[in-house]
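Novice: Prediction below, plus the sequence it came from.
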Amino acid sequence: MVEEGGGRMAGGVDLVVIGADGGPDRAYGGSARASEGARLLAEVLPGMCFDTGAAGCRVVGTAPDADANAMLTAVRDAAQQPGRWLVVCLVGQLVADPRGRRLALVTGGSTAANAYRRGLAWDWVVSAMVHGDHEEALLLVDAVADRDTWAALERGGEDSAGELLSYSRVPLWGRIGRYSPGRRGRDAVLPGGEGSFSRALTTVLRHGVPGAPAAVAPLDLQPAVAGLLDGGGSAGSSGAPVARLLVPPHGGRLLMRNRAAVRGALAGLSLSEELLAVLWRESAPTEPPSA
């Protein structure tokens, strides 16, 4: 487990970023770029937290090939820290249990016979977040699901996998796309790849939203993020949706920096170039942009 960043303020953010690579099994090739998405989120999110900045955000990540116990421990340890916000990011491929009622994030070395049993169970993550010591929580999801798991998500009714995506005490934000293993999956949007939620969110945070306030909530960013998603909510050739967008709810006090507002404010001032440069550095995140 890797920890980044400096000391943490009592009112800061605990950020847990999990990008799980399912390993060489072709059925779980949808997680091949999950570690890239996790790296982007870990780089960009801390400096964009409006109230705290990078100095008030503790980042905890897990190795792409970590097992479910290590991943769950990272979430539980972060959840037990007193603070204002707990943000957990899950990047990778989802699998449903044989009855289609529960979900898990596929972990390294999984096979069709054991993927759900050895995966990081969704309800474990949500339970840890609900019973944590933070005022608010947010679960970011950049994932894909194979045919059977997608069907489980689409089924309605109580005690179904789809019901897990509407748990009121842990708001969700992200994208779950359909994935077909093998040749048919070559054109799919992979978590962490081009057109994915991880890339769209980090792009919007880096550039900002023109016309929006200096501090924006996740819901304020959603239209710009959705505009960059590949296939977000659209239908494929068969007419069936190729992705499901998880839209953050109204309310909540987690605010992100809008860099476009900062640039616009600075551009309208009659200041020297040297002072503008200083103000820009103060408003920018401390982490370098991704190569």
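Specialist: Sure, I can see it.
Novice: Give me the distance between Ala145 and Ala243.
Specialist: Going from Ala145 to Ala243 by Cβ to Cβ, to the nearest Å gives 10 Å. Where C-beta positions appear, they are placed from N, C-alpha and C, glycine not excepted.
Novice: between those two, what contacts are shared?
Specialist: Residues touching both Ala145 and Ala243 (Cβ atoms under 8 Å, 6 or more residues apart in numbering) are Ile176, Gly177, Arg178.
Novice: contacts for the helix or strand that contains the first one?
Specialist: In this structure, Ile176 sits in strand 172-178 according to DSSP states H and E. When contacts are defined by Cβ under 8 Å, 6+ apart, strand 172-178 is touched by residues 94, 138-145, 147, 150, 153, 165, 188-189, 191, 196-197, 218, 222, 229, 231-232, 236, 240-248.
Novice: Can you tell me which of those residues are buried?
Specialist: By neighbour count, with 16 or more other Cβ atoms under 10 Å, the contacts of strand 172-178 hold 94, 138-145, 150, 153, 165, 188-189, 191, 196-197, 218, 222, 229, 231-232, 241-248 as buried.
Novice: Go through those and flag which are in strands.
Specialist: Members of the buried ones among the contacts of strand 172-178 lying in strands (criterion: DSSP state E): 94, 138-145, 243-246.
Novice: and those as TSV, adding distance to Met48 and pLDDT?
Specialist: Shown next, in TSV, are these (distance: Cβ to Cβ, whole Å; pLDDT from 0 to 100):
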residue	distance to Met48	pLDDT
Leu94	26	97
Leu138	13	95
Leu139	17	97
Leu140	13	98
Val141	18	98
Asp142	17	98
Ala143	22	98
Val144	25	97
Ala145	28	96
Ala243	24	92
Arg244	25	93
Leu245	21	94
Leu246	19	95
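Novice: Save the residues you listed as a markdown table, and put in distance to Val106 too.
Specialist: Shown next, in a markdown table, are these (distance: Cβ to Cβ, whole Å):
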| residue | distance to Val106 |
| --- | --- |
| Leu94 | 7 |
| Leu138 | 22 |
| Leu139 | 17 |
| Leu140 | 17 |
| Val141 | 14 |
| Asp142 | 14 |
| Ala143 | 9 |
| Val144 | 10 |
| Ala145 | 10 |
| Ala243 | 18 |
| Arg244 | 18 |
| Leu245 | 21 |
| Leu246 | 19 |
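Novice: Can you tell me which of the residues you listed lies closest to Asp14?
Specialist: Leu138 (11.0 Å; Cβ to Cβ).
Novice: list the contacts for that closest one?
Specialist: Trp85, Leu86, Val87, Val88, Val170, Pro171, Leu172, Trp173, Pro218, Pro248, Gly252, Leu254.
Novice: change it to 7 Å
Specialist: Counting by Cβ atoms under 7 Å, 6 or more residues apart in numbering, Leu138 touches Val87, Pro171, Trp173, Leu254.
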